[in-house]
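Trainee: Here is my input; please provide its structure:
(chains A and B)
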Amino acid sequence: MSAVTNILVTDDEPATLKTLSAGLEDMGYKVTTAVNGGEALALIRRQPFNIVIADIKLPDISGLEILETARELNPETAVIMITGHASIETAVDAINEGAYAYILKPVAMSELETIINNALREQRLLIENRELVESLQQSNKRLEKANRALEQVSQAKSDFMAKMSHELRTPLNSIIGFSEVVLTKKTLPLDQATHDEFLNYIHVSAKHLLHLINSILDLSKIESGKMSLEPSEFDLAVLLEDVKITVLPMLATKKQTLEVEIGDGIPSIFADEAKMRQIFLNLISNAHKFTLTESKIRVICQLETPHLLHCSVIDNGIGISPQDQQRIFEEFGQVKTSPNARRQGVGLGLSIAKRLVELHGGKIWVVSELGHGSTFTFSIPLATKGGA
Amino acid sequence: MPNKKILLVEDDFMNMRLAQHILEVEGYTVLKAATAQGALEQIESTLPDLILMDAQLPDMDGMTVVRILRENAITRDITILALTACAMKGDRERMLHMGCDGHISKPIDVQDFIDTVRRLLSSKTETKK
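Mentor: Reported below is the predicted structural model:
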């Protein structure tokens, strides 16, 4: 309700109406008058009033009808009934129906002023109360929302712990089991070839476990916000040449080749070189795993806009189905394509790459079709030394 | 325990090799499947005495395979030992509830593994008599 106090006065006696109206205006209220019930109802329907003062006996309708309509349209409206001694029982009924007060004729202005002041104070309290309840409900909603978000985070952490436990136990099973077999003499003595085979499994599993632990530590560092960017200025071509030298032995095991194309006009980059290197290594390593032998892996870097670098790692491997594309960037979201896919990696490479890209303020995505290869692209905003 | 057939359903090559070695040394005949599909294809024809079932297979949840076996009159009574790398609270209960006769978690203890297999096979023989 507005700051101005709107009062509607309804009385069929012009003299009374005039006295009341003048007295109320003197008190600083905005007064509207009505000479009968019909007029009063029309006014009430048109605009809200803080206070409605009505004679209980009107020529056309009962004051009770005004009371009912006023309260129905605006429950906070205080309705004050004016009554003579003859109709005092009706006035008591009106109080029971929700009228704020009644006042006897002839109306004493000082008494009316007190009633109005009390009514307005109560009204303010009601409004304040309602606002408080609304604000509490809103905070409650916000808290519930925050709580749901926390529950989701907590669930995600539990899921991650469960998956991690699974991933750690798999190589541990080989290490503990095979070493026990090798060490226990009560089983059949192992021939030299089997002995060496089992030792090799222990070695491979231990290395796998180390790789897994390192990846988990990386991820946890990024997650806890402890990994910060250490940007420096470097030449993308030099970085990629270095990456190429690193991955060639790995690619050679599947007779794969790597082709690097760097578009024109790429300035020297100001970014975290070690992390950029890791992003490329993870994506190329991913392409290597999911691509057949003797295939070509391509890296293409070009400026999308003068301030945005796009780098793609393209393979013509097995591809990723649309539903799997949703989760390959999740931790341990690796798609199990063959029985031994797990041995090919720990399932954290893409997840780490995604986080490193995001740390740079960029995005990563994949375009792929089953059987037709995948293209992983990441964007990096090109910051300049000393600011964006 | 001569000539008992055990089917290993396990997608991890090394874990499969380990279980195979341990069981063969114990004198069992070992059959292998690396996928749920591969397992289902040979179970009816070979009718192993015990199935060692990994809970996570590339093509299907191991427990789904257990359900399929339990619903089939021919394979309903085959002893199933769940082998899982999950060791979270409640996993074991879940496995047994799903119809497995036993559960062991990775990393396995070799002697415990041998004992569990032996116990499950002999208890099944007794009930059949």
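
Trainee: all contacts plus neighbour counts: C-alpha atoms, from now on.
Mentor: Will do.

Trainee: so where does residue B:103 fall, helix or strand?
Mentor: In this assignment (DSSP states H and E), residue B:103 forms part of strand B:102-105.

Trainee: part of a helix, is residue A:148?
Mentor: Yes. Counting by DSSP: H, G, I helix; E, B strand; the rest coil, residue A:148 is located in a helix.

Trainee: hmm, the strand holding residue B:103 in reach of chain A?
Mentor: No. Strand B:102-105 does not reach chain A (Cα under 8 Å from any Cα of the partner chain); its nearest approach is 8.8 Å.

Trainee: Keeping just the C-alphas, turn that strand into PDB.
Mentor: Presented in PDB, the C-alpha positions along strand B:102-105 are these (Å, rounded to 0.1, in the frame of the first residue of the first chain):
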ATOM      1  CA  GLY B 102      29.600 -65.700  -2.300                       C
ATOM      2  CA  HIS B 103      31.600 -62.500  -2.700                       C
ATOM      3  CA  ILE B 104      35.300 -61.700  -2.600                       C
ATOM      4  CA  SER B 105      36.800 -58.300  -3.300                       C
END
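
Trainee: Tell me the strands beside it, with direction?
Mentor: Strand pairing for strand B:102-105, determined by DSSP bridges: strand B:79-84 (parallel).

Trainee: can you give me the helices for chain B?
Mentor: B:13-25, B:36-46, B:62-71, B:91-97, B:110-128 (DSSP state H).

Trainee: would JSON lines of those helices with mean pLDDT be doable?
Mentor: Shown next, in JSON lines, are those (pLDDT from 0 to 100):
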{"stretch": "helix B:13-25", "mean pLDDT": "92"}
{"stretch": "helix B:36-46", "mean pLDDT": "91"}
{"stretch": "helix B:62-71", "mean pLDDT": "89"}
{"stretch": "helix B:91-97", "mean pLDDT": "76"}
{"stretch": "helix B:110-128", "mean pLDDT": "82"}
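
Trainee: just to revisit the earlier point, what lies in contact with the strand holding residue B:103?
Mentor: B:80-87, B:92, B:95-96, B:113, B:116, B:120 (Cα atoms under 8 Å, 6 or more residues apart in numbering or on different chains).

Trainee: buried subset of those?
Mentor: Buried by 16 or more other Cα atoms under 10 Å in any protein chain shown: B:80, B:81, B:82, B:83, B:84, B:85, B:86, B:87, B:92, B:95, B:113, B:120, out of the contacts of strand B:102-105.

Trainee: For the fourth one, name its beta-bridge partners.
Mentor: Right, the one you point to is residue B:83. residue B:54, residue B:104.

Trainee: now it: how far from chain A?
Mentor: Distance of residue B:83 to chain A, given as Cα to the nearest Cα, to the nearest Å: 11 Å.

Trainee: just the third one next, same as before
Mentor: Taking Cα to the nearest Cα as the criterion, residue B:82 is separated from chain A by 14 Å.

Trainee: Tell me which residues touch that residue, please.
Mentor: B:52, B:53, B:54, B:55, B:95, B:100, B:101, B:102, B:103, B:104.

Trainee: Kindly confirm my reading that residue A:244 forms part of a strand.
Mentor: No. Counting by three-state DSSP, residue A:244 is not part of a strand but helix.

Trainee: pLDDT wise, what is it at?
Mentor: pLDDT recorded at residue A:244 is 92.

Trainee: which of the helices of chain B is buried the deepest?
Mentor: With neighbours defined as mean count of other Cα atoms under 10 Å in any protein chain shown, those peak in mean count at helix B:13-25, which reaches a mean of 19.

Trainee: ok so, going back, please, a ChimeraX command that selects the buried ones among the contacts of residue B:82?
Mentor: Applying 16+ other Cα under 10 Å to those, the buried members can be selected in ChimeraX as follows:
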select /B:52,53,54,55,95,100,101,102,103,104
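
Trainee: Is residue A:38 in contact with residue A:60, as I believe?
Mentor: Yes. Using Cα atoms under 8 Å as the test, residue A:38 is close enough to residue A:60 to be in contact (7.1 Å).
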